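J.: Mind folding the following:
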Amino acid sequence: MPTGVHLRDVRDQLFDAAERVLIRDGPNALTSRAVTMEAGCAKGVLYRHFEDFDAFLADLVLDRRDRMDAHAAALRATAGTGTITGNLADALGIVFSSVAVAMVALVTFRFELRVRLRRAWPAGVPLLTEAVVMVADYLTAERDLGRIAADADVDTLAPTLIGAAHLLFADRTGAPPEASAVRKMVATVLAGVAQRPRR
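T.: Take a look at the predicted model:
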């Protein structure tokens with residue numbers, strides 16, 4: 001493997017390579033060698049930028065968590081438009097068809113990674129807890145607009161939706177769930193709080 005390869009945005013290239021390996025081959029296959037081979041660089045490149053492989057993985061997880069901001073803004077922008085079920089089903093499909101499910105498996109699989117993450121993230125799995133915040137913010141906006149009940153407990157509904165979505169998408173070797181299955185789950189969770197459309 002060449003050692004003189006110049007990489008622009010080395011961190012991003014290594015993160016993208018790790019994501020591809022993780023999605024394609026699972027957490028067992030995610031090694032420093034697999035990442036650098038996927039990125040087309042020497043193994044030493046990774047260690048010039050990160051203290052060790054678990055430090056690299058912790059930064060990868062936190063970087064992917066930060067990317068949730070764009071998903072959250074897009075979902076928040078749909079408040080008051082379309083249907084709540086459709087808006088949430090679309091957003092959950094985007095989140096869970098990305099690397100989120102694989103990241104949960106990775107964090108579960110690697111004890112040392114969990115230890116590293118606790119230094120920056122006190123509880124939960126970063127991508128999932130950010131997804132809960134995203135859904136809670138959206139439901140709050142819809143509640144403020146009168147499209148869900150004024151007494152809707154968004155702090156319970158949001159993690160319920162994320163947990164149920166994770167179960168739909170997790171540990172699949174085949175195709176992701178049908179969009180209709182995701183919509184049905186969302187509609188079921190929100191059945192007690194959805195307001196009838198005003199005529």
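
J.: In contact with the most centrally placed residue in the chain, which residues?
T.: Residue closest to the average C-alpha location in the chain (Cα atoms, centre = their mean): residue 100, at 3.4 Å. Listed by Cβ atoms under 8 Å, 6 or more residues apart in numbering, the contact partners of residue 100 are 64, 127, 128, 131. From N, CA and C alone the C-beta is placed, and that goes for glycine too.

J.: Next step: these restricted to strands.
T.: The members of these all map outside strands under DSSP state E.

J.: counting contacts, what elements does the longest helix that the chain contains pack onto?
T.: Ordering each helix of the chain by length in residues (DSSP state H) puts helix 126-144 first. Where contact means 3 or more Cβ pairs under 8 Å, 6 or more residues apart in numbering; DSSP states H and E, helix 126-144 is packed against helix 53-66, helix 68-77, helix 84-97, helix 100-109, helix 154-169.

J.: Columns mean pLDDT and distance to residue 35 on top of these, output as JSON lines?
T.: Output for these, formatted as JSON lines (pLDDT from 0 to 100; distance: least, Cβ to Cβ, whole Å):
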{"stretch": "helix 53-66", "mean pLDDT": "88", "distance to residue 35": "8"}
{"stretch": "helix 68-77", "mean pLDDT": "91", "distance to residue 35": "22"}
{"stretch": "helix 84-97", "mean pLDDT": "92", "distance to residue 35": "22"}
{"stretch": "helix 100-109", "mean pLDDT": "79", "distance to residue 35": "12"}
{"stretch": "helix 154-169", "mean pLDDT": "93", "distance to residue 35": "24"}
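
J.: Need the ones you listed in a markdown table (columns: distance to residue 140).
T.: Converted to a markdown table, the helices and strands packed on helix 126-144 look like this (distance: least, Cβ to Cβ, whole Å):
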| stretch | distance to residue 140 |
| --- | --- |
| helix 53-66 | 20 |
| helix 68-77 | 9 |
| helix 84-97 | 12 |
| helix 100-109 | 22 |
| helix 154-169 | 5 |
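
J.: and of those, who's closest to residue 27?
T.: Each of those was scored for nearness to residue 27 using Cβ to Cβ, and the closest is helix 100-109 (4.1 Å).

J.: Send over that closest one as CSV, restricted to the C-alpha atoms.
T.: Only the C-alpha atoms of helix 100-109 are listed here, as CSV (Å, rounded to 0.1, in the frame of the first residue of the first chain):
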residue,chain,number,x,y,z
ALA,A,100,-27.5,4.6,12.0
VAL,A,101,-28.5,0.9,12.4
ALA,A,102,-24.9,-0.2,11.7
MET,A,103,-23.5,2.3,14.2
VAL,A,104,-25.8,1.0,17.0
ALA,A,105,-24.4,-2.5,16.3
LEU,A,106,-20.8,-1.1,16.3
VAL,A,107,-21.3,0.6,19.7
THR,A,108,-22.9,-2.5,21.2
PHE,A,109,-20.1,-4.7,19.8
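
J.: Measure how that helix sits relative to helix 53-66, angle-wise.
T.: Counting by axes from the mean of the first three to the mean of the last three Cα atoms, to 10 degrees, helix 100-109 lies at 150 degrees to helix 53-66.

J.: tell me the angle helix 100-109 makes with helix 84-97.
T.: Helix 100-109 and helix 84-97 meet at an angle of 50 degrees, taking the same axes, to 10 degrees as the criterion.
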